[in-house]
Each structure stands twice: as structure tokens, then as C-alpha cells.
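Student: quick one, what's the 3D model for this:
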Amino acid sequence: MTATKRIAALRLAGDQRLFARALLDTWACAMAARDEPAARLALRHSRGRGAASLWHADATTAHEEDAAWINGVIGHVLDYDDVASAMRGHPSIGMLPAIMAIAETEDLALADCAAAYTTGLAAILALSRAMVVEHYARGWHSTATIGAIGATLACCTLLRLPQRETEHAIGLAVAQAAGTRLSFGTMGKAFQAGQANLVGLRSARLAQLGFDGAPDALEAPMGFSTLYGTGALVLPEFDAPLALEVKKYPMCYATHRTLDALLALRAAHGLTLDAVRAVHVRVSAQALAPLIHPRPRAGLDAKFSMQYAVAAALHDGFVRLSSFTDAAVNRAAIQAFFPQVSAEESPGALLPRFAEIAVTCTDGRMLTARQDVLRGGEDAPLSDAELCAKADDCLGAPIAAAMLARLMDAARPAALSLVPGVIA
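Tutor: As a prediction, this is how the structure comes out:
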């Protein structure tokens with residue numbers, strides 16, 4: 001069976017806990033971003049009211065396509081939403097807004113959303129394991145490209161489309177899938193996350209109407225894997241564990257091991273920025289690929305800067321939402337320290353991932369640390385309480401624990417809870 005047919009035929013039972021945690025994290029990140037310039041501009045793009053909610057503080061609604069795109073943009077503006085290392089991207093923000101928009105329009109149960117999300121995530125992870133290394137290295141933004149395929153399957157699952165129509169929807173998604181890492185540090189990155197949702201929703205709706213697309217779009221000679229990857233597409237089985245990684249810091253995931261190690265070293269030795277002469281970071285292969293802004297001047301590009309991660313962590317003792325105002329990035333001491341931060345990749349295999357730091361102090365001491373296990377990653381996932389603490393910080397109120405419990409209950413297969421109002 002071809003890769004397209006295998007993905008089109010995939011239907012999984014919903015993982016209610018995985019889905020509820022993903023929805024809480026994604027929605028909380030969107031709420032925290034509602035006053036960001038990109039969020040305000042995206043909201044202005046809405047063309048009128050409809051049946052789907054826009055994820056900000058009032059009861060505004062929009063047509064499902066607008067809601068899917070706008071919520072996808074808003075939820076990714078802060079780059080704080082969950083990730084999957086296998087994808088080298090953000091799986092939830094690329095499909096949850098589309099899933100929720102359809103579900104609100106159709107008055108579907110949250111359990112249906114959980115099944116659609118679980119199915120889409122499995123497809124994203126399988127397709128990523130098959131092709132993401134070369135795909136990402138060539139400059140593609142996998143959240144927007146591979147994510148669009150997952151979003152399409154999720155929407156087809158939610159709409160209960162048969163396999164043949166799902167194959168056509170995937171063909172239509174491949175016809176639209178795009179997004180480049182050049183957008184990192186600009187509003188374009190969040191735009192691309194919104195596009196993944198729009199592509200998935202539109203492709204499924206068109207296929208539902210009878211619109212066809214290439215039924216072998218993933219593996220054909222002029223298809224997705226040839227143009228976007230290495231050519232041959234050999235999908236793994238869909239039996240790998242489904243795991244999400246919740247971000248602790250609102251910046252690119254490629255900095256997180258370094259931040260874990262550096263903040264621990266700072267706490268242990270009482271380090272301050274003015275007590276450090278230089279910091280050298282050595283990371284696993286390709287780990288620096290997304291960090292394309294060594295001298296950031298704005299909050300958005302600072303999210304993709306190892307130099308800013310190191311300088312801010314040493315100066316403040318934390319990296320949080322307030323770290324990414326333009327004023328915070330342009331502090332004189334921070335800007336002056338950028339040349340003192342160097343970074344290199346280790347040659348060889350992509351895995352296992354690690355970060356090593358060497359800190360040269362002004363008093364002559366050399367302090368070193370290595371971080372292998374990433375807090376929030378698959379090997380050390382955040383607890384529900386830690387996730388809720390992050391969400392409370394995003395929401396500005398201690399309501400996440402009650403919300404998570406409500407989502408888990410509503411996502412049960414036997415639950416009758418409909419989507420409207422469930423995250424209000």
C-alpha cells in the first residue's frame with residue numbers, strides 16, 4: 001500500500017489526556033499572545049462573523065476558515081506552543097485550530113476532536129520520521145508543510161470522509177503545502193502555522209464536495225517526498241508512542257537544553273552577566289539550524305538567537321514572556337554581550353541530542369555543564385501541575401487545573417460534551 005493510501009486509511013481512537021493537554025497548552029499560548037502586533041493584524045483579517053470562535057478575550061466569531069487561520073497565527077506568535085522533536089516542529093498549533101473550527105461549525109463532540117487530533121499527530125510523526133531530516137535541512141518549515149498533511153488527515157477524520165476522498169484531500173494539501181525557515185523571527189512564521197490549518201481545513205472541505213487531487217501525492221515522482229525530501233518515501237508503522245514536548249521557555253526549542261544547563265550553573269555558582277567573560281556552546285548536529293539571528297534587535301528575532309538566550313539567562317536568571325519585548329532585547333548590557341557567545345555543532349549524527357556549555361568567568365574560573373535530558377521532552381515530560389503553572393502564567397489567572405480536568409472529562413469517548421464553550 002502506498003504512503004498516501006496508508007495515511008488516508010489511518011483512523012485512531014482518541015487519546016483524551018494527550019489531546020486535553022495539547023489543547024490547554026495551545027489555547028493558553030494563544031491567549032498570552034492576543035495583544036501581540038501579529039495577533040492584532042490577524043484579527044483584522046477576519047471577514048465577518050460565523051460559527052467558529054476566535055481565540056481572544058471576547059465572544060467574537062468568524063467563518064471556520066478565518067478562525068482556523070487566525071487562531072493558528074495567534075497560537076504560534078510567541079513560539080511557546082508544544083513541539084515534537086521527531087517533527088522538528090510544532091504539531092498541535094498546525095491542526096488544533098482547524099479541528100476546533102470544524103467542530104464548532106458542525107456541533108461535534110470533543111471526543112471526536114480527540115480522535116481527529118490523535119490520528120493527525122500519528123501521521124505527522126510517521127511522515128516526519130521518514131523525511132524530516134533532509135526536508136528541514138533544505139530550509140522547509142515542517143510545522144507548515146508536514147503539519148499541513150497532518151491537519152488535512154485530522155479534518156478528514158473529523159468529517160468522517162472515506163479513504164478515497166481523504167486521498168484526494170491529501171493531494172490538495174500537497175498542492176498548497178509551503179513554508180520556509182527564512183520566516184523565523186518574523187510574523188511570517190506564525191502566518192505559516194495558520195496556513196497549515198487553512199490548508200488542512202480547505203482541502204478536507206473541498207474533497208467532501210467532490211473536488212479531487214492527485215491520489216498519490218506523497219510518493220509520486222513529482223510528489224511531496226521527491227520535491228520536499230529525498231525521493232523515496234518509506235513510512236514507519238504507526239505504532240510509535242505519541243508524545244508531545246511542552247516548552248518551558250517562550251523561544252526556539254533548540255535553545256532549551258542550553259538554557260537548562262546554564263540556568264542550573266548560574267544558580268549553583270551565583271553567576272551574573274558581568275562576572276562572565278565568555279560562553280561557548282557546543283550542541284548536537286543540526287541543532288543550530290533554526291537559530292538564525294546572532295544579533296537580534298526585536299523580540300521576535302530574539303526567539304531564534306542562541307546569543308540572546310545565553311545573555312538573557314545570565315543577566316536575569318530566567319527566560320520568560322517578559323524577556324521578549326523589544327526593550328528587553330535592546331538593553332545595552334545584553335547587546336554588548338552578544339560577541340562573547342559562540343556556538344558550534346558537533347559533527348556526526350543528529351541523535352542523541354545534547355548541549356555542552358563552557359563558561360569563562362572574569363576571575364579566571366572555567367565552569368562547564370552538559371545537558372542530555374531535556375525538561376519537558378519525551379524523557380522528562382512536564383507534569384500536569386507544571387503544565388498548568390505555565391498555562392496560568394499565560395492566562396494571568398489560576399484556572400488551568402480546573403480547565404484541564406474539564407477538558408479531559410469532556411474528551412472521554414462516552415462524553416456528550418459539544419465543543420462550543422468548552423474552552424471559554
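Student: please count neighbours and contacts with C-alpha atoms only from this point.
Tutor: Will do.
Student: which helix is the longest one in this structure?
Tutor: Longest helix of the chain, by residue count under DSSP state H: helix 110-137.
Student: what about the next helix or strand after that one, average pLDDT?
Tutor: The C-terminal neighbour of helix 110-137 among helices and strands, as given by DSSP states H and E, is helix 146-158. Averaging pLDDT along helix 146-158 yields 98.
Student: CA atoms only: put helix 146-158 into PDB for me.
Tutor: Only the C-alpha atoms of helix 146-158 are listed here, as PDB (Å, rounded to 0.1, in the frame of the first residue of the first chain):
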ATOM      1  CA  ILE A 146       4.300  18.200   7.100                       C
ATOM      2  CA  GLY A 147       1.900  19.900   9.600                       C
ATOM      3  CA  ALA A 148      -0.500  20.700   6.700                       C
ATOM      4  CA  ILE A 149      -0.700  17.000   5.800                       C
ATOM      5  CA  GLY A 150      -1.500  16.100   9.400                       C
ATOM      6  CA  ALA A 151      -4.100  18.800   9.600                       C
ATOM      7  CA  THR A 152      -5.700  17.500   6.400                       C
ATOM      8  CA  LEU A 153      -6.000  14.000   7.800                       C
ATOM      9  CA  ALA A 154      -7.300  15.300  11.100                       C
ATOM     10  CA  CYS A 155     -10.000  17.300   9.400                       C
ATOM     11  CA  CYS A 156     -10.900  14.400   7.100                       C
ATOM     12  CA  THR A 157     -11.200  12.200  10.200                       C
ATOM     13  CA  LEU A 158     -13.400  14.700  11.900                       C
END
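Student: run the chain-centre distance for that helix.
Tutor: 15 Å (C-alpha atoms, centre = their mean, to the nearest Å).
Student: then stretch 11-20?
Tutor: Offset of stretch 11-20 from its chain centre (C-alpha atoms, centre = their mean): 18 Å.
Student: cool, and stretch 254-270?
Tutor: The answer for stretch 254-270 is 23 Å, by C-alpha atoms, centre = their mean.
Student: where in the chain is pLDDT low?
Tutor: In the predicted model, the chain carries pLDDT under 70 at residues 57, 414-424.
Student: could I get the phi/psi values of the residue nearest the centre of it?
Tutor: For the chain, the residue nearest the mean C-alpha position is residue 90 (2.1 Å; C-alpha atoms, centre = their mean). Main-chain dihedrals, residue 90, degrees, to the nearest 10: phi -120, psi 100.
Student: please parse the chain into its domains.
Tutor: 3-247+384-410, 253-371 (automatic domain parsing).
Student: wait, which of those domains is closest to residue 377?
Tutor: domain 3-247+384-410 (4.7 Å; C-alpha to C-alpha).
Student: the closest one: end-to-end distance?
Tutor: 33 Å (C-alpha to C-alpha, to the nearest Å).
Student: now do the same contact list for the residue nearest to the centre of the chain.
Tutor: Residue 90 makes contacts with 81, 82, 83, 84, 143, 147, as judged by C-alpha atoms under 8 Å, 6 or more residues apart in numbering.
Student: of these, which is the most crowded?
Tutor: residue 147 (35 neighbours; other C-alpha atoms under 10 Å).
Student: how near is that residue to residue 72?
Tutor: 12 Å.
Student: next one: residue 313
Tutor: Relative to residue 72, and taking C-alpha to C-alpha, residue 313 is found at 29 Å.
Student: more neighbours: which of these two?
Tutor: residue 72 (33 against 21).
Student: touching, that one and residue 93? I think so.
Tutor: Yes. Counting by C-alpha atoms under 8 Å, residue 93 is a contact partner of residue 72 at 5.8 Å.
Student: how far away is the closest residue to the residue nearest to the centre of the chain other than its chain neighbours from residue 3?
Tutor: Spatial nearest neighbour of residue 90, chain neighbours left out: residue 83 (4.2 Å); criterion: C-alpha to C-alpha, 6 or more residues apart in numbering. Going from residue 83 to residue 3 by C-alpha to C-alpha gives 24 Å.
Student: do the same with residue 71
Tutor: Residue 71 is 30 Å from residue 3, by C-alpha to C-alpha.
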